[in-house]
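*Asks:* pasting the structure only:
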């Protein structure tokens, strides 16, 4: 599996932090994580995160939506 969006409904912040996604800001609508020099904004009403590393995707054990690849 390559890059994909992962659903975060049942993924605790502690598990994301273990994988290097550090929660740096949160309000009633969004959460902002810092990971490898990038900020990732997650909408709390539809909590998906774009994940590049297929190993992280497997460890999160949540719904994943793969992106199409171009040959």
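*Replies:* On my side now, so go ahead. Keep in mind it's a predicted model, so treat the numbers as computed, not measured.

*Asks:* can you pull the poorly scored residue ranges out of this structure?
*Replies:* Counting by pLDDT under 70, the chain contains low-confidence ranges at 1-2, 61-71.

*Asks:* bridged to the residue nearest in space to the middle of it, which residues?
*Replies:* The centroid of the chain falls nearest to residue 49 when counting by C-alpha atoms, centre = their mean (3.2 Å). Following DSSP bridges, residue 49 is listed with bridge partners residue 6.

*Asks:* my read: it touches residue 13, true?
*Replies:* No. The pair residue 49 and residue 13 does not pass the contact test of C-beta atoms under 8 Å, sitting 11.6 Å apart. Using the backbone N, CA and C atoms, a C-beta is placed for each residue, glycine as well.

*Asks:* strands of this protein, start to end?
*Replies:* Along the chain, the stretches classed as strands by DSSP state E are 4-7, 22-26, 30-35, 38-43, 48-51, 64-66.

*Asks:* could these go into JSON lines alongside distance to residue 58?
*Replies:* Shown next, in JSON lines, are these (distance: least, C-beta to C-beta, whole Å):
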{"stretch": "strand 4-7", "distance to residue 58": "10"}
{"stretch": "strand 22-26", "distance to residue 58": "20"}
{"stretch": "strand 30-35", "distance to residue 58": "17"}
{"stretch": "strand 38-43", "distance to residue 58": "18"}
{"stretch": "strand 48-51", "distance to residue 58": "10"}
{"stretch": "strand 64-66", "distance to residue 58": "9"}
